[in-house]
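have a look at this prediction, sequence included:
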Amino acid sequence: MNTNIESVRRPKYINPYFGGVLLGLLLLLTMYITGRGLGASGAVKSAVVTTFDKVAPVHTESSTFYSKFISDSHSPMFNWLVFESLGIFIGGLISGAIFGRLKKIRVEHSPKISSKTRLWAAGIGGILFGIGSQFGRGCSSGAALSGTASFSFGGFLVMMLLFGTGYIVAYFFRKLWI
Amino acid sequence: MNKNYIYLTVLMLVLAAGLFVLPERDNSKQTNPEDLMWSIVQPTRFISTDVVAKMIIERDPTLELIDVRSEDEYSEFSLEKAINIPLDSLTSENYQNYLGIKGLKAIFYSNDDIKADQAWVIAKRLGFDNIYVMKGGLNCWMKTIIEPTQPNETASSEEFELYSFRKGASIYFTGANMENDSEGTKAVINVQRKKKTSVVEGGC
Amino acid sequence: MGPLIPQGIITGGWDFVIALLLGIAFGFILEASGFSSSRNITGAFYGYNFVVLRVFLTAVLVAMIGLLYFDYFGWIDMDLLYILPTYLTPMIIGAIIMGFGFLIGGFCPGTSYTGIAIGKLDAMVFTGGLFIGIFVFSEAFPLFSDFYYSDNMGNVTITEVLGLSAEVFTMIMVVVGLAAFWVTWLIEKRVRKNINPYKFE
């Protein structure tokens, strides 16, 4: 019978500092090749535009926000961030496969709440994040990470406020996590 | 494990500190030799005296005339509002401020265009853009603007137009008396000629 | 001399292939570091798992130092680098909203993609939420389009706004970051002793 020393099995993650160095070098390489940093939220935006262009083309064209992203020659999905985000997914798949994390569909949550609560929180968090990312001109990867690395004031500002707000708010939502 | 982290911490501090002690590097953009040769071969750097005259008369704000002759020659005669950067001092730092100003076209001129062309090559090598040479230099200026030659009667109407422009420019620059210019434009006989651009531009 | 694409050194259809490859590397690093788990991510806010801080800060510092060295050696033309424009008030509001979303949702877009990859339902729901959120934003856009564009400071850099040279700023960040790494190591040790050992996913 296994004693409870082994009750907490640590999954294999790489050393975070090592991961950080790799990520930093990747960011540097990206900036060297493309002149821009990495990003992620832009792909979802493209998806929104594409969907609504298909579903309600007239509305999309007349919308002041969407119209900027539509082009006659190609689908809005045909852009850099979409391909990069696809790559993120694939990279996650590869890493998950290597480290044995590809398992059945599951929900991860604090022992103190239920799966359903967690899913609701994820959804609401996603909505908030989606709205915020548009105002912030990027998410934590695009604005905070790449922005700060390229010495953009906006990027630095978003980084400080994003994580700062997280810390302040953490206390009120602690039930979700610990 | 901890010892490694201490090493890494020190490494990062050293790398960051290293940025402060790096000696100054001259990272100014220099045109590489192939690009330089290519742009020398292009004739696009030349601007005709007519265009320069037009820019002066119209007070074109993008005009920046640079006289590359010696100071003495410059003080004897120079084009309106031209600045003097003698060819041999072109590379000194005092004068670099006059080149590379956004929006300004720096046009070099000298007596003929040899010195001005040399100045252009030097400035191009240093990486400056928007620089030009006045074709034919001041010698051409005299022959086209100050004392333009009247085209003979078989010339095209464009040549007559150019001539009357030049006469007008000559008056502007020398303040000479207005001569009776009744024969300036030929009657409208549609001469179907091919446009002889080199003649019309009044090459010297 | 970089950047390569804006200078036409790499052209044509290679753009998207490169995007894909860089993305794969990005996703791999994120997942391998543990960002596919929302509990890992929010651990930073509660003191039991600072992986977010470590990876993020290290990456920023490495990239900043690297960029400055590249610039020094003339390997990259900083003028051609895209600087995120600063729209002061909207970005402040956006960052605050994102902070809430980050904490409540436990993901950010990039990490949620890796979460989906390994089968996390909450990551999928989060991404769905992103979609809805952006949609809501776009529909409501006419209401606040002026606000969205307000306070445009242009593509300002930290140097321009704070008056610190890039090297000085980097050094400050490095010192603060390294201090944070050591301090959080201590905090993590203490917090982990006190809370129930939790199951990593």
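Everything's here; your move.

residue 117 - how many residues pack around it?
Unless you meant another one, I'm taking chain A. Using other C-beta atoms under 10 Å in any protein chain shown, the number of residues around residue A:117 comes to 15. C-beta coordinates here come from the backbone N, C-alpha and C atoms, glycine included.

wrong chain, I was asking about chain B
Using other C-beta under 10 Å, the number of residues around residue B:117 comes to 19.

how much space separates it from residue B:92?
20 Å (C-beta to C-beta, to the nearest Å).

what do you get for residue C:154?
Using C-beta to C-beta, one obtains 35 Å as the distance from residue C:154 to residue B:92.

in the helix ranked longest in chain B, what's buried?
If each helix of chain B is counted by residues according to DSSP state H, the longest one is helix B:2-21. Residues of helix B:2-21 classed as buried: B:8-9, B:12, B:15-16, B:19 (neighbour count, 16 or more other C-beta atoms under 10 Å in any protein chain shown).

likewise for stretch C:134-144?
Within stretch C:134-144, the residues that count as buried by 16+ other C-beta under 10 Å are C:134-135, C:137-138.

got it, and stretch C:66-80?
C:66-72, C:76-78.

sheet-wise, list the partners of the lowest-mean-pLDDT helix or strand in chain C with their directions.
Least confident helix or strand, chain C: strand C:152-154 with a mean of 77, by mean pLDDT, DSSP states H and E. Sheet pairing of strand C:152-154 (DSSP bridges) gives strand C:86-87 (antiparallel).

roughly how far out does the partner strand sit from the chain middle?
Its chain's average C-alpha position is 17 Å from that of strand C:86-87, according to C-alpha atoms, centre = their mean, to the nearest Å.

elements contacting the next helix or strand after that strand?
Next helix or strand after strand C:86-87 toward the C-terminus (DSSP states H and E): helix C:88-105. Under the contact criterion of 3 or more C-beta pairs under 8 Å, 6 or more residues apart in numbering or on different chains; DSSP states H and E, helix C:88-105 touches helix A:115-135, helix A:153-170, helix C:38-46, helix C:121-148.

tell me which of these lies nearest to chain B.
Of all these, it is helix A:153-170 that lies closest to chain B, at 16.7 Å by C-beta to the nearest C-beta.

packing partners for that closest one?
Where contact means 3+ C-beta pairs under 8 Å, 6+ apart, helix A:153-170 is packed against helix A:148-149, helix C:38-46, strand C:86-87, helix C:88-105, helix C:158-162.

let's have these in TSV, adding mean neighbour count.
Listed next are those as TSV, based on neighbours: other C-beta atoms under 10 Å in any protein chain shown:
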stretch	mean neighbour count
helix A:148-149	28
helix C:38-46	24
strand C:86-87	24
helix C:88-105	25
helix C:158-162	17
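
for chain B, what's the nearest residue on chain A?
The nearest approach of chain A to chain B comes at residue A:17, 6.9 Å away (C-beta to the nearest C-beta).

what about that residue, neighbour count?
Neighbours of residue A:17 under the rule other C-beta under 10 Å: 21.

one more: residue B:173?
Neighbour count of residue B:173, defined by other C-beta under 10 Å: 16.

how about the secondary structure of it?
helix (DSSP: H, G, I helix; E, B strand; the rest coil).

my read: it touches residue B:145, true?
Yes - between residue B:173 and residue B:145 there is a contact under C-beta atoms under 8 Å: 6.5 Å.

list the residues that contact both of these two?
Taking C-beta atoms under 8 Å, 6 or more residues apart in numbering or on different chains as the contact rule, residue B:173 and residue B:145 both touch residue B:53.

got a list of what the residue sitting nearest the centre point of chain C touches?
Per C-alpha atoms, centre = their mean, the C-alpha nearest to the average position across chain C is that of residue C:56, at 6.9 Å. Listed by C-beta under 8 Å, 6+ apart, the contact partners of residue C:56 are A:20, A:140, A:144-145.

quick check, pLDDT for whichever residue of chain B sits closest to chain A.
Chain A sits closest to residue B:8 of chain B, with a gap of 6.9 Å, by C-beta to the nearest C-beta. Note for residue B:8: predicted pLDDT of 85.

try residue C:92
Predicted confidence (pLDDT) for residue C:92: 92.

how near is the residue nearest the centre of chain A to residue C:24?
When C-alpha atoms, centre = their mean is applied to chain A, the residue found nearest the centroid is residue A:40 (5.6 Å). Separation of residue A:40 from residue C:24 (C-beta to C-beta): 14 Å.
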